[in-house]
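**Student:** Sequence first, predicted coordinates after that:
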Amino acid sequence: MRIHKDQFQNHDMSKLIKGAVVPRPIAWVSTISRDGTRNLAPFSFFTVASMNPITLCFSVGGGASDKDTLANIKETGQFIVNIVSESLANQMHETSLQYSPEEDEFEKAGTQAEPGDFVDVPRVAESPVQMECELDQVVEVGTNSLVLGTVVGYHIHDDVYMEKDKVNPDKLKPVGRMAGDYSYIREFYSLPNNDLPK
């Protein structure tokens, strides 16, 4: 089957795109409002945008928690990307639910907050990697907002860190986002690999 953009309205393109672009990493973004309310929400449209300067990006849609995240970032110019490991998947899911702006997702999820060292935003203490960011820019892309942030601080748990500045994937145990579900990311291989299916 092939689908031209003129035929997109006849298909559920959201399912077709999200089902094909997988597994997606999850940015568990923590922010804080000007009045001090903490916010925590996951975003799976997430990647590295640049290594010089080191810049992360994630796309914000139109949900209530999404709007809180975006509003806080625009107000303060700061956020933290926390990496979701398997042991944090249920808490991450809890923060994907809709809460009013005055509610604290750290409390709802039962996660421990630690203050950022380089930005005035709390980070998820249990997260194996936490990257503190200052807002670079917000780019409006259709109905979404692409947030780009420069990394100004990096935290990694000792058991995840490997010598010569590597991240141990077996210890990181990241969670991948599929179309509607999630995936384990546990098996790794190098290329070329003669054991791959033909």
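**Tutor:** Structure's in. What do you need?
**Student:** can you confirm residue 164 is in a helix?
**Tutor:** No - counting by DSSP: H, G, I helix; E, B strand; the rest coil, residue 164 is located in no helix; its state is coil.
**Student:** Need phi/psi at it.
**Tutor:** Dihedral pair for residue 164: phi 70, psi 30, per degrees, to the nearest 10.
**Student:** Contact partners for it?
**Tutor:** Residues near residue 164 by CB atoms under 8 Å, 6 or more residues apart in numbering: none. Any C-beta I mention is one placed from the backbone N, CA and C, and that applies to glycine too.
**Student:** Give me the distance between it and residue 128.
**Tutor:** Distance of residue 164 to residue 128, computed by CB to CB, to the nearest Å: 18 Å.
**Student:** what's next to stretch 98-110, contact-wise?
**Tutor:** Here stretch 98-110 has contacts from 30, 33, 37-41, 63-65, 68, 71, 91-92, 94-95, 97, 112-113, 122, 124, using CB under 8 Å, 6+ apart.
**Student:** Distance from the chain centre to the top helix by length along the chain, please.
**Tutor:** Longest helix in the chain, counting residues (DSSP state H): helix 64-76. In terms of CA atoms, centre = their mean, to the nearest Å, the centre of helix 64-76 is set 14 Å apart from its chain centre.
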